[in-house]
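A.B. asks: heads up, no residue letters with this:
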């Protein structure tokens, strides 16, 4: 019973975090600030939802597969965000440093 | 319980698609597609449990791998113009040289 409540809580938090990331991607003015919303919530939302699912399965092969997905997303999502920011900076996209740009 | 998470993930995917369409720079679109990809992985995982067929998790795992490689490949294409950096690496222009 406790397991169901806990996994339901984890799943709800993961879903909520995903929606927050989705809202954040629209609220931020600049690409680099938008990358904050995508990068962090992507990883944590995946971790929470997959942990919630692992609790549902207990110690089976499915739990191992979920653990593999979790570890993979845990390591590659930040790498993808870093590659994105690196490519953007290399490609000449300047971040907004002062609010002068916003007034333009 | 799964339905709530599925709806939340679908909302996030809709927002990511909206950003992909609206995004001024190409990098916004790539980050939106990256977000869409990881949410698809989660959607497949949750649906695997919702329908009871947990052999769908392999698809979720493969999709996570492919999504990451796809994002890195598109970034390389956007950054260096062409994939096969041919012998004439002097041509830094973005065009895909034809020969």
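C.D. replies: Yes, it's here. Predicted model only: the values in this text are computed from it and were never measured.
A.B. asks: separation between residue A:58 and residue B:50?
C.D. replies: Look at residue A:58 and residue B:50: by Cβ to Cβ, to the nearest Å, they are 18 Å apart. Using the backbone N, CA and C atoms, a C-beta is placed for each residue, glycine as well.
A.B. asks: for chain B, which spans come out with low pLDDT?
C.D. replies: Residues of chain B meeting the criterion pLDDT under 70: B:82-99.
A.B. asks: sorry, that was for chain A
C.D. replies: Residue ranges of chain A with pLDDT under 70: A:99-104.
A.B. asks: Kindly recompute the last result at 80.
C.D. replies: Applying pLDDT under 80 to chain A flags residues A:92-104.
A.B. asks: Just want the most central residue of it.
C.D. replies: Nearest to the geometric centre of chain A sits residue A:42, at 1.2 Å (Cα atoms, centre = their mean).
A.B. asks: re the thing from before, who has more neighbours out of residue A:58 and residue B:50?
C.D. replies: residue B:50 (15 against 9; other Cβ atoms under 10 Å in any protein chain shown).
A.B. asks: isn't that one right up against residue B:7?
C.D. replies: No. Applying Cβ atoms under 8 Å, one finds residue B:50 not in contact with residue B:7, separated by 11.8 Å.
A.B. asks: how distant is the host helix or strand of residue A:42 from the center of its chain?
C.D. replies: According to DSSP states H and E, residue A:42 maps onto helix A:31-57. Distance of helix A:31-57 from its chain centroid, counting by Cα atoms, centre = their mean, to the nearest Å, is 3 Å.
A.B. asks: Enumerate every residue touching the residue nearest to the centre of chain A.
C.D. replies: A:21, A:77, A:81, B:34-35, B:38 (Cβ atoms under 8 Å, 6 or more residues apart in numbering or on different chains).
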